[in-house]
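K.L.:
Sequence isn't available, so here's the structure alone:
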């Protein structure tokens, strides 16, 4: 009688092992998933962003029905890379005073501009291409020399990616080594949140790229 019992138990043993293997695989996958940028407390929006929203209200709208994470397939990946490169090439880098005149504030697609203009232009282009506003988030960071800098974060199923005028590469946010300060809210593009403390700043050159948000 022992032999038939072992025959019946064998498929059960294989099934149990298979379930365990699948669970282990899921755990390994979850562990290796890219960590997102973590928000903490609400933060004051950069003053220049408030002015920007008055000037470009369509770029500060939020749709609660939109997804807040982009499915990063080959087509969308190529779109993000192309927009980053095209905008970097189209705007001549310059230092701006951010005075009282509207053209001195954050501007979409200027002939020349600073990091702020690059970031808002990239966000505008991706919005025009149909990507959801909730997944396109401006973020204030600090560089190695302690200078404020603005980048665009594209939130995807494969991690939070950074579009930056200081490099042609689209990088995961952890790879930038910037000191992350605050980020645009996903639920309402007019609001901002502080970012959980991150590592030291990068050593890339940021000469002439200042963030005038005061």
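P.N.:
Ah, there it is. Given the structure is predicted, the values throughout are model-derived calculations rather than measurements.
K.L.:
quick one, helices of the chain?
P.N.:
Using DSSP state H, the helices of the chain run over 2-32, 47-55, 74-90, 115-128.
K.L.:
what pLDDT, on average, does the second one get?
P.N.:
Translated: helix 47-55. Averaging pLDDT along helix 47-55 gives 96.
K.L.:
next one: the third one
P.N.:
This predicted structure assigns helix 74-90 an average pLDDT of 98.
K.L.:
which secondary structure elements does that helix contact?
P.N.:
For helix 74-90, the contact count by 3 or more C-beta pairs under 8 Å, 6 or more residues apart in numbering; DSSP states H and E identifies helix 115-128, strand 159-163 as packing neighbours. The way it works is simple: take the backbone N, C-alpha and C, and place the C-beta from them, glycine included.
K.L.:
Show me what counts as buried in it.
P.N.:
76, 77, 79, 80, 83, 84, 87, 88 (16 or more other C-beta atoms under 10 Å).
K.L.:
Export these as CSV, with columns for distance to residue 173.
P.N.:
Below are the buried residues of helix 74-90 laid out as CSV (distance: C-beta to C-beta, whole Å):
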residue, distance to residue 173
76, 17
77, 16
79, 19
80, 14
83, 17
84, 14
87, 19
88, 18
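K.L.:
Select, out of the helices and strands packed on helix 74-90, the one closest to residue 59.
P.N.:
Within these, the stretch nearest residue 59 is helix 115-128; the backing value is 5.6 Å (C-beta to C-beta).
K.L.:
show me the contacts for the nearest residue to residue 156 once chain neighbours are set aside.
P.N.:
Leaving aside its sequence neighbours, residue 156 sits nearest to residue 72 (C-beta to C-beta, 6 or more residues apart in numbering; 4.0 Å). Counting by C-beta atoms under 8 Å, 6 or more residues apart in numbering, residue 72 touches 156, 157, 158.
K.L.:
No further queries at this time; thank you.
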